[in-house]
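Trainee: need the 3D shape of this:
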Amino acid sequence: MAIDRFNTSHFMDNRLKKLQIKFSDGWKDISKENPDSPPTFINDELDESGVLQISTAEYISGQTPNPNFLDLINLSKNVGLKNEFGIPGHEESGNCEYGKYGFVEFSRPDFPYIAVWLLSDGKNFIFATFICAAQPDQNHLVKIRLASPIGQAFRGRCQMPAW
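Mentor: Take a look at the predicted model:
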């Protein structure tokens, strides 16, 4: 099983409902430092790690959202533009263990790297932002895209909620 290759810590914030994320070494839950914000994490092993925040939206009733890849990219982009995250850059979407994802990177002078992920199983959503005050080098970008908890969700290393 892929998870066994990692030394993991488990974080489950009751604001994340049933989402349990297995972090590789170095990730630290700093949510208590700002309890009014979404669950927040940093990677102590990286210089200028940046801040990862994760939240969920659970489908209750009505028309099933069932977003497609373009919907998830556009929703991610709209969140970034609405919050003045800067100029959109790299975009991608695809399938993941949870269902589908959309991902958009942004840049602005005071925060040269901001990433927005939106994952959906067709009904429910997992939303994440990663904000970095320094421009990550290529190695750091790979870790953000692939080794972050959200990146791990794309590769089946996250236990996703059974809503």
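
Trainee: Thr129 and Lys77, how far apart?
Mentor: Remark: distance between Thr129 and Lys77 (Cβ to Cβ, to the nearest Å) = 13 Å. (C-beta placed from N, C-alpha, C; glycine too.)

Trainee: anything in contact with each of these two?
Mentor: Val116 (Cβ atoms under 8 Å, 6 or more residues apart in numbering).

Trainee: between those two, which one's more packed in?
Mentor: Thr129 (23 against 18; other Cβ atoms under 10 Å).

Trainee: quick one: mean pLDDT for stretch 78-88?
Mentor: Taken as a whole, stretch 78-88 carries a mean pLDDT of 96.

Trainee: contacts for it next, please.
Mentor: 77, 104-109, 111, 114, 116, 118, 127, 129.

Trainee: buried by neighbour count, from those: which ones?
Mentor: Neighbour counting with 16 or more other Cβ atoms under 10 Å marks 77, 104-107, 111, 114, 116, 118, 127, 129 as buried within the contacts of stretch 78-88.

Trainee: distance to Asp29 added to these, as a markdown table?
Mentor: Below are those laid out as a markdown table (distance: Cβ to Cβ, whole Å):
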| residue | distance to Asp29 |
| --- | --- |
| Lys77 | 28 |
| Val104 | 25 |
| Glu105 | 24 |
| Phe106 | 25 |
| Ser107 | 27 |
| Phe111 | 22 |
| Ile114 | 21 |
| Val116 | 21 |
| Leu118 | 22 |
| Phe127 | 18 |
| Thr129 | 16 |
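
Trainee: and of those residues, the nearest to Val51?
Mentor: Thr129 (8.2 Å; Cβ to Cβ).

Trainee: ramachandran angles for that closest one?
Mentor: phi -130, psi 150 (degrees, to the nearest 10).

Trainee: buried sites along the strand or helix carrying Leu81?
Mentor: Per DSSP states H and E: Leu81 is located in helix 69-82. The neighbour-count check on helix 69-82 (16+ other Cβ under 10 Å) flags 71-77, 79-80 as buried.

Trainee: and for stretch 54-65?
Mentor: Result for stretch 54-65 [16+ other Cβ under 10 Å]: buried residues 54-56, 59.

Trainee: send the alpha carbons of the helix holding Leu81 over as PDB?
Mentor: Taking Å, rounded to 0.1, in the frame of the first residue of the first chain, the C-alpha atoms of helix 69-82 are listed here in PDB:
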ATOM      1  CA  PHE A  69     -12.800  19.200 -15.000                       C
ATOM      2  CA  LEU A  70     -13.300  22.600 -16.500                       C
ATOM      3  CA  ASP A  71     -15.800  23.500 -13.700                       C
ATOM      4  CA  LEU A  72     -13.200  22.600 -11.100                       C
ATOM      5  CA  ILE A  73     -10.500  24.700 -12.800                       C
ATOM      6  CA  ASN A  74     -12.800  27.600 -13.200                       C
ATOM      7  CA  LEU A  75     -14.000  27.400  -9.600                       C
ATOM      8  CA  SER A  76     -10.300  27.300  -8.400                       C
ATOM      9  CA  LYS A  77      -9.500  30.200 -10.700                       C
ATOM     10  CA  ASN A  78     -12.500  32.200  -9.500                       C
ATOM     11  CA  VAL A  79     -11.500  31.700  -5.800                       C
ATOM     12  CA  GLY A  80      -8.100  33.000  -6.600                       C
ATOM     13  CA  LEU A  81      -9.300  36.000  -8.500                       C
ATOM     14  CA  LYS A  82     -12.000  36.900  -6.000                       C
END
